[in-house]
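**Student:** got a structure for you, letters missing:
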């Protein structure tokens, strides 16, 4: 039996999320599986991945083959690096302490990159909000100027009408006499 680590689609149309499962390669995509080892939600930014690394590593060690997407997720989470380091320890190329130190350094760097991405996204949102507020202020200022101009024009027209009425009133009185 060929065992695969793959994604099982859930969710609704245009808003999918996935379970990371270990399944027989002959089983349908969303059908029977052996074990669920995590979940993947690409709808968030950055994507949310919940993975039981120990179970994934155990399945890889007994021969389960990940699909391309599952391989990328396992690599992103460091499972493939841990497998690689464990093979190096088994061959005697490095000690367990060295392997743990390399993995810890890699994980710290990865966590730093993720934090930087989240900070960048948050800063972009703040910058967009500031730009929108500035654009709204410009529009409001332009509207206020237009209203003031219209009001001044109306006042000028009323003043002229009053002046014409005042000038016409003495002429009417003279004509009436």
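**Tutor:** Done, it's in. Fair warning: this is a prediction, and the values are worked out from it, not measured in the lab.
**Student:** Return the residues in contact with the residue nearest the centre of the chain.
**Tutor:** Residue closest to the average C-alpha location in the chain (C-alpha atoms, centre = their mean): residue 45, at 2.8 Å. Listed by C-beta atoms under 8 Å, 6 or more residues apart in numbering, the contact partners of residue 45 are residue 121. C-betas here are computed from N, CA, C, even on glycine.
**Student:** What segments of this structure are strands?
**Tutor:** Along the chain, the stretches classed as strands by DSSP state E are 3-12, 15-24, 35-41, 48-51, 65-66.
**Student:** Of those, which is nearest residue 155?
**Tutor:** strand 15-24 (56.9 Å; C-beta to C-beta).
**Student:** before we move on, back to that, can you tell me how far the residue nearest to the centre of the chain is from residue 110?
**Tutor:** As defined by C-beta to C-beta, to the nearest Å, residue 45 lies at a distance of 17 Å from residue 110.
**Student:** Point out where the chain drops to low pLDDT.
**Tutor:** Along the chain, segments meeting pLDDT under 70 span 1, 171-177.
**Student:** Now do the helices in it.
**Tutor:** Assigned by DSSP state H, the chain shows helices spanning 53-61, 68-77, 79-91, 96-176.
**Student:** Export these to JSON lines and append columns for mean neighbour count.
**Tutor:** Putting those into JSON lines (neighbours: other C-beta atoms under 10 Å) gives the following:
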{"stretch": "helix 53-61", "mean neighbour count": "17"}
{"stretch": "helix 68-77", "mean neighbour count": "17"}
{"stretch": "helix 79-91", "mean neighbour count": "16"}
{"stretch": "helix 96-176", "mean neighbour count": "10"}
